[in-house]
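Engineer: sequence unknown, structure follows:
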């Protein structure tokens, strides 16, 4: 360890980041730029190159780690910087809990513990912080997790934006549960657990003062219950991922890339609420790239598809579940959509940030 | 859950916070104001009032939680906002790892897993982020923990300050280990593991461009090894706490208050490096209130004091260990210092922030 500031001249990071010598909004967008940052900067720093199968290198929503004499635990973290902090259907408070709980759910873990670190900007109304904290407490109770540890730091005016909350979550993974892109196989069906695009459009509606604000609520909700129901029903779930930043497009691309398989979806089978479709048309956004906070993509064995839909539709959070596509051996790493007029198009990984500070 | 912004008029938080309707720097100082915020705002929001012995209400450095079929885990989190990010003896990188590792150590846990959530400000040099990430990776390797989960968010210029890192840590607590103020008893000795005040003065020296900058290094270091050595040696450790924000004064007051016992220290027995004493004199600071990042306070059974010092002095991180006082039945909740001239003074809990953004 040498003291003093770093020497940018001596920096030898691989090429992709050289195009952007400084952090840009897109590095937080959940798309290509975020992936570059993680792969080329954080992974070499954190994960020993000698351990290509280590928990961090799997780039899952949560790390699953065998603990000595303690079964398998899942650990995940999310920083939450959503703006504005209150939006139709939720707030930073619910988001900070559900975002982390859902990352645990996506590896098949039962969420148990939560911690929260707050970075407060001087001048924040304590009354607002109180409301956000109570929303967090209520969301934790709903999700069945216990908030057991916290920390608070204060920064000066202009060094923050009211409040940022970083939550970490610990879950327990039952014996035999092993989810991830490595389990995917050609012929698997791709299910989405509910209509997409609501969170991003709800946040945007408040931020931009748009008229459709009253018509769309964030889908922000905890997802562990329907996931556990799928597992309890014996559905052969192979991989789960929640399409937050970067939306369905980013999630499907991550699954295709990590599995080395192709994904084909049928556009008209993807549930997109009318208000989301209208808002996206108006704003020039692709609903497939809009963030969600209360739905997930499940890849599962084809024979179990009907049973999976039945289980999901029985849970109020996932009544809108639908099969949207399948896993194929062709075009490995690529996501292709069958369009309404009988053609196909490639669904690309979004480059950067469509809607900054969406979660 | 109701939508829309909170109504400050309808807010009914207990009185102490009413004096400060907005967040002030002192709420992050680790003193009285921080304690008020935690007790009167976060605890009612997060911890069910029906569970007065729940892990959050113990207000320990880390929560210790029995996991179903998985022994006892410790979970803790810390947000790190130190300014500047590089200082003699360390950086935000080492701090983000050691701060969290040490909180696990303070409940007697063996640190195992770490997560990191980054809030990056647009415009941050990626070369600097790379250096910080590598420092984190190296510090994690030194501390013997594995960084397994992370998240990155980007905020606009003027909504952050380069980079904030919130780490969470998971540790394993061995059978029979039960540390905390509830274990303290009159007659226990109070040990400090090394000289105090170095971290705060090191950071301040860079921030203010003071001349003694070359002479003082932060004590930033991982503390689990010496703690585990104490436990392995069979020393009857009753309580541990690391005097970070708010310094030794805050830590001793927290121990006194939580135990319902008094603490008496002898001022001249507290190891304060000359350079720290000189800098504090110059700046009008109390060395007892200056932050540390690599030492801890141990309360232990008097017959084990010599053995404890022997064990600690054998570890390079804690060679400066010293007995500084004792636990008494008198003046419950109060910390009293015997001064050099034969008098006594009350060592109060600092009110707010002596040095903002010290960790």
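Structural biologist: Received it, and whenever you're ready, just let me know what you need. What you see is a predicted model, and the numbers here were worked out from it, not measured in a lab.
Engineer: which stretches of the stretch 101-250 of chain A form helices?
Structural biologist: All helices of the stretch 101-250 of chain A, identified by DSSP state H, counting those that start in this stretch, fall at A:126-143, A:198-208, A:224-232, A:247-259.
Engineer: Go through the ones you listed and find the least confident stretch.
Structural biologist: Among the helices of the stretch 101-250 of chain A, helix A:198-208 has the lowest mean pLDDT, at a mean of 92.
Engineer: name the helices or strands packed onto it?
Structural biologist: Counting by 3 or more CB pairs under 8 Å, 6 or more residues apart in numbering or on different chains; DSSP states H and E, the packing neighbours recorded for helix A:198-208 are strand A:86-87, helix A:274-283. Glycine gets a C-beta too; all of them are placed from N, C-alpha and C.
Engineer: now the angle between helix A:198-208 and the last one, please.
Structural biologist: Read that as helix A:274-283. Following axes from the mean of the first three to the mean of the last three CA atoms, to 10 degrees, one obtains 50 degrees for the angle between helix A:274-283 and helix A:198-208.
Engineer: Helix A:274-283: what's the following helix or strand?
Structural biologist: Using DSSP states H and E, the helix or strand that follows helix A:274-283 towards the C-terminus is strand A:297-300.
Engineer: list the helices and strands the very next helix or strand once past that next one packs on?
Structural biologist: Downstream of strand A:297-300, the first helix or strand assigned by DSSP H and E is helix A:305-313. Of the remaining helices and strands, those touching helix A:305-313 by 3+ CB pairs under 8 Å, 6+ apart are strand A:189-192, helix A:224-232, strand A:322-328.
Engineer: Mean neighbour count, these: which tops it?
Structural biologist: Compared across those, strand A:189-192 shows the largest average neighbour count, a mean of 25 (mean count of other CB atoms under 10 Å in any protein chain shown).
Engineer: packing partners for that strand?
Structural biologist: So strand A:189-192, by 3+ CB pairs under 8 Å, 6+ apart, packs with strand A:297-300, helix A:305-313, strand A:322-328.
Engineer: mind checking which of these is nearest residue B:90?
Structural biologist: Residue B:90 lies closest, by CB to CB, to one member of those: strand A:297-300, at 41.7 Å.
Engineer: Could you tell me which strands sit next to the longest strand belonging to chain A in the sheet, and their orientation?
Structural biologist: Longest strand in chain A by number of residues (criterion: DSSP state E): strand A:109-121. With DSSP bridges as the test, strand A:109-121 is paired with strand A:146-155 (parallel), strand A:163-173 (antiparallel).
Engineer: For that strand, give the mean pLDDT please.
Structural biologist: The model assigns strand A:109-121 a mean pLDDT of 96.
Engineer: now stretch A:32-46
Structural biologist: For stretch A:32-46, mean pLDDT is 89.
Engineer: The lowest-mean-pLDDT helix or strand in chain A vs chain B: in contact?
Structural biologist: Counting by mean pLDDT, DSSP states H and E, the weakest-scoring helix or strand in chain A turns out to be strand A:63-66, with a mean of 84. Yes. Counting by CB under 8 Å from any CB of the partner chain, chain B is contacted by strand A:63-66 at A:63, A:65.
Engineer: by contact count, what packs against whatever helix or strand comes next after that strand?
Structural biologist: Next in sequence after strand A:63-66, counting helices and strands by DSSP H and E, comes strand A:72-80. When contacts are defined as 3+ CB pairs under 8 Å, 6+ apart, strand A:72-80 sits against strand A:63-66, helix A:92-105, strand A:163-173, strand B:109-121, strand B:146-155, strand B:163-173.
Engineer: show me the contacts for the closest residue to residue A:203 other than its chain neighbours.
Structural biologist: Once flanking residues are discounted, residue A:203 sits nearest to residue A:87: 4.9 Å by CB to CB, 6 or more residues apart in numbering or on different chains. The contact partners of residue A:87, taken as CB atoms under 8 Å, 6 or more residues apart in numbering or on different chains, are A:202-203, A:205-206, A:218, B:3.
Engineer: ok, 6 Å please
Structural biologist: Neighbouring residues of residue A:87 by CB atoms under 6 Å, 6 or more residues apart in numbering or on different chains: A:202-203, A:206, A:218.
Engineer: With residue A:239 instead?
Structural biologist: Residue A:239 makes contacts with A:179-181, A:183-184, A:299, as judged by CB under 6 Å, 6+ apart.
Engineer: out of those residues, who's nearest residue B:211?
Structural biologist: Set against residue B:211, the nearest of the contacts of residue A:239 by CB to CB is residue A:180 (55.7 Å).
Engineer: hang on, the earlier thing: need the helices and strands packed on strand A:72-80 in a markdown table with mean neighbour count and distance to residue A:196, can you?
Structural biologist: A markdown table is the format used below for these (neighbours: other CB atoms under 10 Å in any protein chain shown; distance: least, CB to CB, whole Å):
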| stretch | mean neighbour count | distance to residue A:196 |
| --- | --- | --- |
| strand A:63-66 | 20 | 26 |
| helix A:92-105 | 30 | 15 |
| strand A:163-173 | 28 | 24 |
| strand B:109-121 | 26 | 25 |
| strand B:146-155 | 26 | 21 |
| strand B:163-173 | 28 | 29 |
